[in-house]
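Asker: Next come a sequence and a model predicted from it.
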Amino acid sequence: MKEEHYYQTGIYLAYPKSPNLKSIYRQKKYKTEVNETHTKVGIAKNSFKAREKGYLKNFNEEVVFAPLAIIVDLDELKRVEDLILEALRLEFENEKPSREWFRTSNHEKVTEIIIQVLTLNQITHKFIG
């Protein structure tokens, strides 16, 4: 991630690099477990740097954290997340009960869907992925 993007807010992908299943949130021992066959789409409300730090800790640094688009308007950020997750559910199955983890390692297709949602909904953004 470029240094100037560390403190921005927006949409990101995260996906484990390991074939071993791990809890999506070890600290609270969530039952939902994921591995390299899963992809998370989320929003960084505070900053990409803060969100990345959490993933690196939770997955023992065996995770890729990839910021995709900067979205400065925090009011738009939540709406965009809902639109993106809705579009992704049409293409991929969720890893239940999580609404943001999907059973796919096709990061290119996920990114393509995100770009389409941002474009079709005329969301002001800067693509950095």
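Answerer: Received it, and whenever you're ready, just let me know what you need. Values in this document were obtained by computation on a predicted structure and should not be read as measured data.
Asker: Not counting residues beside it along the chain, what's closest to Lys126?
Answerer: Nearest in space to Lys126, with sequence neighbours left out and distances taken as Cβ to Cβ, 6 or more residues apart in numbering, is Ile70 at 4.4 Å. Glycine gets a C-beta too; all of them are placed from N, C-alpha and C.
Asker: which residues does the one you found contact?
Answerer: Contacts for Ile70 (Cβ atoms under 8 Å, 6 or more residues apart in numbering) come out as His5, Gln8, Thr9, Gly10, His125, Lys126, Ile128.
Asker: By neighbours, which of those residues wins?
Answerer: Gly10 (26 neighbours; other Cβ atoms under 10 Å).
Asker: Regarding that residue, what are the backbone dihedral angles?
Answerer: Backbone torsions of Gly10, given as degrees, to the nearest 10, read phi 160, psi -160.
Asker: Please report how far it lies from Arg103.
Answerer: Using Cβ to Cβ, to the nearest Å, Gly10 is found at 24 Å from Arg103.
Asker: what's the answer for Thr124, then?
Answerer: 31 Å.
Asker: Please say which of these two ends up with more neighbours.
Answerer: The neighbour count for Thr124 versus Arg103, taken as other Cβ under 10 Å, is higher for Arg103 (13 against 10).
Asker: In contact with the more buried one: list those residues for me.
Answerer: So Arg103 contacts Thr37, His38, Phe92, Glu93, Asn94, Glu95 (Cβ under 8 Å, 6+ apart).
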